[in-house]
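[1] Kindly return the folded structure for what I paste below:
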Amino acid sequence: MIRNYAHDDADSILSFYNVEKLVAHYTCVESIDHDMCPDSCWAFTGPYAALEICPLCDKSRWDQGKIRASNGRTKVVAQKFTTIPLGPQLQALYHDPDSARNMQYLHEQTQRILTQLRATQSIPVIDDIPAGWDYLAEVLTNNIKQDDIVLMVSIDGVQLYESKQSDCWMYVWIIINLSPDKWYQKAHVCPGRFIPGPNKPKNLDSFLFIGMHHLAALQKNGLMIWDASRDTVFTSDLHLLYTTADGPGLVYWDGMVGHSGKNGCRVYCGVRGRRKTGGSHYYPALLKPADRCVHSSDHPDLNVFDLPLGTSDGYAENLEKVVKAPNTRQWEKWRTETGITKPPLILGLSPWRSLGGPYCTTPDIMHLAGNLSDLLLNCAPADDMNTWDWAVLKDEDTWVAHGHAVEQAGIYLPGSLIANPAISLKNSTQLYTFSLAPALLYGLLPMKYWQNYCKLVRGFQLLCQHHIAVEDLQHARSLLCYWEQEFEHLYYQCKECWLHFVRPCIHQTNHLAQETYRKWTMERTIGNLGEEIQQPSQPYANLSQQGVRHCRIDTLLSMMPELDEPPKGLPEGAVDVGDGYPIYPTGRHALAISTFLCHGQQLPHIRKQTARSSWREKLKPLEKTRMSRNVKIKLNNQIHFAEVLYYTQLPVNVARQNEDDLDNDNEWHFENVAVVQMYSMPHKELLKLSSQTLVSCTLLDDILAIDVKNIISVIAMIPHEPTLPSGVTESQFFMMERPGLEISNLGVPYSGFDAGGGDEAEDNDDDGAELE
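    Next comes the predicted model:
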């Protein structure tokens, strides 16, 4: 392409079509199209390749209009789906030295963890897949070696139109060799397959067959790769570590029954469900109904703290029973008892290059959060709702008032937390459920239900951190176990008629601390491709073509990164103060100020948060302010909260800071400081009652000057008027953090299982100790 633009002759410039052909030739990324049923039932692949009629709907694979128009002489396929082979995409990642070095991240991280493990016999922080035993076991048995490529695959439906359900399906490959911050980047996500709608596929294995066959061939023969960073050629083995989807979608990978089955746990832990009299839908209740119980659901109560982990023990034996069933009746019997419907397609992969079923299937925390939000907010009544003492929002006036409180809270949320509160707060029940609701429901929801709910929220907050300490992992597991146990006592109450309250998502929370995966990569890819579709006609074909084009361009940029746009630097007038903290001056005289005093009013922090100042934000009306002046800071190894008044740089005499250099008192340098107004320490009793989810403070008169690098993150401080446990109603602020960042441990034991075995001594000050 570059050579063509160097010519003066306009005729030598390639057309868009020829450029696409050149890119496809250079990257070797080709799409493979296969015939499918016009109603998306079936793909004509593998053993079904010779069929001309769909076995399910009896529709022809040929376009009947074209056949009639040609008097039967021309056969044109009615519908096709697209598969993109993975091999060329992986080879391209080694063509540039920097990109090839990025692919060594997994090996380097693994060696660091193994060294630490040998030295301390523990892994103190869980922040990446190499810290998990599934992966480490494969490394220690030499199944995964230095130059091997480790993959994860994720499948989901794509909703192209806001008013419709998911109308086409795709899967993407995630390359675990790269660091987790690169998994989400468009350039490193490898699309694998696109299935057009309009209906949900009834035999997804027939669509997955092509991509899985390609992976099986690469596993058998190895993938030849040239590494530009080492100038060497090697053969890499490909390992499929995890297959992911939302809860219902996991059945496409593991071949198990749906979530309503008797043995419907997604990680195959063996916990059997219970059903209502005359019903066929099973619910994973741990406690046996006390009023009446059908024969297949009368097994003893289970201890929530002693549930089996997900395992493959007995899986092969159970699968053999299903496969060898002599007739449909026996097959249905073994399907119910074992929870297995068929051999999964992934069993066709090399057993030394895949975890295999059911170990490779893992729940994702993102969809689980949505399912729990739906349960807590939209549970359809099966009886008189007036008998539910927890249904506090059923009254219309209460509902409207609560909605107004949610809307008002949105004004105080920083832009790094939520892009547009007017839109996002309406559509994001997860944001409400796991961030705002603990404070907004305090005093509204009866105390026993509120405390139970706070355990769920805190457990999720701990597990959503990018870096999870082992202690946090243990706390999260205990919180979620207590929550599940109390949930059954409070809501289900061992009544058969209320079994439906114990949905599969309730049981799935018990496995989160042991194994979980955040499914943001897939959702982000769907959003990126959906935004790039410009033509309303033929949306399915457009999505496939956009995916192929996206794949080729990203492969080309991996091979030739100089063609990409250079990373954006700091804007004019910004001052880099080190460690990822640049200061952005504002106003017409920003450059002059930054040159002389570097007086700034905006401070970006890690993870692309921007901390602003009260001096600047108060120039705007409150409803137009994306309030980002409240921050979490660390002083003397203790967490505090503050409102930034302004940022500046102060000249400091080096000699006065360094007693060993008193002779050189003419040397000065600038200290980057933030002048802040402090909040009080959180109310201890509210902290303990809420399992640290309701962090309620008052704004003090204390003003401090702190180093800008003491700022940890931007937070929201939202005004509210709680009635404290003492009975006094006060105007305070509750703190809300961005999900995923390191959650503050505020030193208060979690209610119900604190290690100290009793309450701490109470402070005379209800608001907690103030900063001296």
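
[2] can you map out the strands along the stretch 551-700 of the chain?
    Using DSSP state E, counting those that start in this stretch, the strands of the stretch 551-700 of the chain run over residues 575-576, 582-583, 602-605, 609-612, 630-635, 638-653, 668-679, 696-697, 699-707.

[3] now for the longest one, which elements pack on it?
    Counting by 3 or more Cβ pairs under 8 Å, 6 or more residues apart in numbering; DSSP states H and E, the packing neighbours recorded for strand 638-653 are strand 602-605, helix 614-617, strand 630-635, strand 668-679, strand 699-707. Any C-beta I mention is one placed from the backbone N, CA and C, and that applies to glycine too.

[4] Could you dump the strands of the stretch 551-700 of the chain into JSON lines with mean neighbour count and mean pLDDT added?
    Conversion of the strands of the stretch 551-700 of the chain to JSON lines gives the following (neighbours: other Cβ atoms under 10 Å; pLDDT from 0 to 100):
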{"stretch": "strand 575-576", "mean neighbour count": "14", "mean pLDDT": "64"}
{"stretch": "strand 582-583", "mean neighbour count": "20", "mean pLDDT": "66"}
{"stretch": "strand 602-605", "mean neighbour count": "20", "mean pLDDT": "41"}
{"stretch": "strand 609-612", "mean neighbour count": "22", "mean pLDDT": "82"}
{"stretch": "strand 630-635", "mean neighbour count": "21", "mean pLDDT": "91"}
{"stretch": "strand 638-653", "mean neighbour count": "19", "mean pLDDT": "87"}
{"stretch": "strand 668-679", "mean neighbour count": "18", "mean pLDDT": "86"}
{"stretch": "strand 696-697", "mean neighbour count": "22", "mean pLDDT": "95"}
{"stretch": "strand 699-707", "mean neighbour count": "14", "mean pLDDT": "92"}
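
[5] can you list those in a markdown table and add distance to Asp98?
    Listed next are the strands of the stretch 551-700 of the chain as a markdown table, based on distance: least, Cβ to Cβ, whole Å:
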| stretch | distance to Asp98 |
| --- | --- |
| strand 575-576 | 22 |
| strand 582-583 | 23 |
| strand 602-605 | 24 |
| strand 609-612 | 27 |
| strand 630-635 | 34 |
| strand 638-653 | 34 |
| strand 668-679 | 31 |
| strand 696-697 | 45 |
| strand 699-707 | 33 |
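
[6] Cys360 is nearest to which of these?
    Closest approach to Cys360 among the strands of the stretch 551-700 of the chain (Cβ to Cβ): strand 609-612, 35.1 Å.

[7] coming back round to it: ok, which of the strands of the stretch 551-700 of the chain comes nearest Ile53?
    Between Ile53 and those, the shortest gap by Cβ to Cβ is with strand 609-612, which sits at 57.4 Å.

[8] roughly how far out does that closest one sit from the chain middle?
    23 Å (Cα atoms, centre = their mean, to the nearest Å).

[9] now do stretch 41-56
    36 Å.

[10] Same question for stretch 339-346.
    On the basis of Cα atoms, centre = their mean, stretch 339-346 sits 26 Å off its chain's mean C-alpha point.

[11] do the same with stretch 72-83
    38 Å.

[12] Which parts of that stretch count as buried, going by neighbours?
    Neighbour counts using 16 or more other Cβ atoms under 10 Å place 77-83 of stretch 72-83 among the buried residues.

[13] what about it, how long is it end to end?
    29 Å (Cα to Cα, to the nearest Å).

[14] And stretch 218-238, by the same measure?
    Span of stretch 218-238 from end to end, Cα to Cα: 7 Å.

[15] So which residues make contact with that stretch?
    The contact list for stretch 218-238 (Cβ atoms under 8 Å, 6 or more residues apart in numbering) reads 86-87, 90-91, 94-101, 104, 144-145, 147-149, 151, 215, 349-350, 353-354.

[16] Kind regards, and thank you for your time.
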